[in-house]
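>>> have a look; sequence and predicted model below, questions after that.
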Amino acid sequence: MYPQEFSPSIPQQINDSIAAINDYDHSLPADLEKPSFNTYRTGAKEKYVIALYKYRHDIPLDGSFHLYNNDSDEDAIRRLEDIPAKLYPHHKLMWQYLEKFQK
(Lines give C-alpha, C1' and ligand atoms only; values in the text may rest on other atoms or scores of the structure.)
Protein backbone atom coordinates (compact mmCIF):
# COMPACT_ATOMS: atom_id res chain seq x y z
CA MET A 1 0.00 0.00 0.00
CA TYR A 2 1.18 3.47 -0.79
CA PRO A 3 0.30 6.69 1.06
CA GLN A 4 -0.74 8.37 -2.19
CA GLU A 5 -3.58 5.90 -2.71
CA PHE A 6 -6.83 7.67 -2.00
CA SER A 7 -9.64 6.31 -4.09
CA PRO A 8 -10.94 4.32 -2.48
CA SER A 9 -9.27 5.18 0.77
CA ILE A 10 -6.73 2.82 2.30
CA PRO A 11 -9.12 1.80 5.14
CA GLN A 12 -11.78 1.01 2.51
CA GLN A 13 -9.28 -1.05 0.49
CA ILE A 14 -8.38 -3.01 3.64
CA ASN A 15 -12.04 -3.54 4.48
CA ASP A 16 -12.81 -4.69 0.91
CA SER A 17 -9.81 -7.03 0.94
CA ILE A 18 -10.83 -8.67 4.20
CA ALA A 19 -14.43 -9.01 3.04
CA ALA A 20 -13.33 -10.61 -0.25
CA ILE A 21 -11.02 -13.07 1.53
CA ASN A 22 -13.78 -13.97 3.98
CA ASP A 23 -16.10 -14.59 1.03
CA TYR A 24 -13.56 -16.82 -0.76
CA ASP A 25 -15.81 -19.88 -0.79
CA HIS A 26 -18.54 -17.93 -2.58
CA SER A 27 -16.27 -16.64 -5.32
CA LEU A 28 -17.54 -17.62 -8.76
CA PRO A 29 -15.82 -17.79 -12.14
CA ALA A 30 -17.96 -14.78 -13.11
CA ASP A 31 -15.99 -12.74 -10.56
CA LEU A 32 -12.96 -13.35 -12.77
CA GLU A 33 -14.57 -11.39 -15.57
CA LYS A 34 -12.82 -8.11 -15.74
CA PRO A 35 -14.90 -5.44 -14.04
CA SER A 36 -14.61 -1.86 -15.07
CA PHE A 37 -11.88 -0.58 -12.80
CA ASN A 38 -12.82 3.01 -13.55
CA THR A 39 -15.89 2.55 -11.38
CA TYR A 40 -15.20 2.20 -7.71
CA ARG A 41 -17.79 -0.47 -7.12
CA THR A 42 -17.12 -1.56 -3.59
CA GLY A 43 -14.81 -4.53 -3.51
CA ALA A 44 -14.89 -5.29 -7.25
CA LYS A 45 -11.10 -5.25 -7.58
CA GLU A 46 -10.64 -7.38 -4.49
CA LYS A 47 -13.27 -9.91 -5.61
CA TYR A 48 -11.44 -10.06 -8.92
CA VAL A 49 -8.16 -10.90 -7.14
CA ILE A 50 -9.85 -13.64 -5.10
CA ALA A 51 -11.35 -15.17 -8.25
CA LEU A 52 -8.00 -14.80 -10.00
CA TYR A 53 -6.35 -16.81 -7.24
CA LYS A 54 -9.12 -19.39 -6.90
CA TYR A 55 -9.42 -20.03 -10.65
CA ARG A 56 -5.80 -19.40 -11.63
CA HIS A 57 -5.44 -22.89 -13.08
CA ASP A 58 -8.28 -22.14 -15.52
CA ILE A 59 -6.56 -19.08 -16.99
CA PRO A 60 -5.25 -19.59 -20.53
CA LEU A 61 -1.47 -19.23 -20.53
CA ASP A 62 -1.22 -18.29 -24.20
CA GLY A 63 -0.98 -14.55 -23.51
CA SER A 64 -4.65 -13.90 -24.26
CA PHE A 65 -5.51 -13.23 -20.60
CA HIS A 66 -4.56 -9.75 -19.38
CA LEU A 67 -4.70 -8.55 -15.79
CA TYR A 68 -6.89 -5.64 -14.79
CA ASN A 69 -8.55 -5.29 -18.18
CA ASN A 70 -5.32 -3.95 -19.68
CA ASP A 71 -4.50 -4.93 -23.22
CA SER A 72 -0.78 -4.27 -22.97
CA ASP A 73 1.70 -7.09 -23.46
CA GLU A 74 3.10 -6.30 -20.01
CA ASP A 75 -0.16 -7.48 -18.43
CA ALA A 76 -0.45 -10.67 -20.51
CA ILE A 77 -0.21 -13.87 -18.48
CA ARG A 78 1.93 -16.63 -19.95
CA ARG A 79 2.89 -18.37 -16.68
CA LEU A 80 1.06 -18.57 -13.36
CA GLU A 81 4.19 -17.26 -11.67
CA ASP A 82 3.71 -13.98 -13.58
CA ILE A 83 0.50 -13.11 -11.77
CA PRO A 84 1.73 -12.02 -8.31
CA ALA A 85 4.44 -9.77 -9.75
CA LYS A 86 1.90 -7.94 -11.91
CA LEU A 87 -0.68 -7.28 -9.18
CA TYR A 88 -1.27 -3.93 -7.54
CA PRO A 89 0.62 -3.67 -4.22
CA HIS A 90 -2.28 -4.35 -1.86
CA HIS A 91 -3.47 -7.16 -4.14
CA LYS A 92 0.00 -8.72 -3.85
CA LEU A 93 -0.53 -8.77 -0.10
CA MET A 94 -3.88 -10.53 -0.56
CA TRP A 95 -2.23 -13.06 -2.89
CA GLN A 96 0.55 -13.72 -0.36
CA TYR A 97 -2.02 -14.25 2.37
CA LEU A 98 -3.91 -16.76 0.23
CA GLU A 99 -0.72 -18.61 -0.65
CA LYS A 100 0.44 -18.75 2.95
CA PHE A 101 -2.83 -20.03 4.30
CA GLN A 102 -3.51 -22.13 1.19
CA LYS A 103 -7.08 -21.13 0.72
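Cool, the structure landed. Remember, predicted model here, so these are calculated numbers, not experimental data. Residues are numbered from 1 along each chain as shown.
>>> going forward, measure contacts and count neighbours with C-alpha atoms only.
OK.
>>> so, low pLDDT: which residues of the chain?
Applying pLDDT under 70 to the chain flags the ranges 1-7, 34-41, 103.
>>> contact partners for residue 19?
residue 43 (C-alpha atoms under 8 Å, 6 or more residues apart in numbering).
>>> what helix or strand is it on?
helix 10-22 (DSSP states H and E).
>>> enumerate the positions of that helix that are buried.
10, 13, 14, 16, 17, 20, 21 (16 or more other C-alpha atoms under 10 Å).
>>> I'd like the next helix or strand past that helix.
helix 44-54.
>>> distance between that next one and the chain's centre?
Helix 44-54 sits 4 Å away from the centroid of its parent chain (C-alpha atoms, centre = their mean, to the nearest Å).
>>> list the helices and strands that helix packs on?
helix 10-22, helix 89-100 (3 or more C-alpha pairs under 8 Å, 6 or more residues apart in numbering; DSSP states H and E).
>>> again, only this time at 7 Å
With contacts taken as 3 or more C-alpha pairs under 7 Å, 6 or more residues apart in numbering; DSSP states H and E, helix 44-54 sits against helix 10-22.
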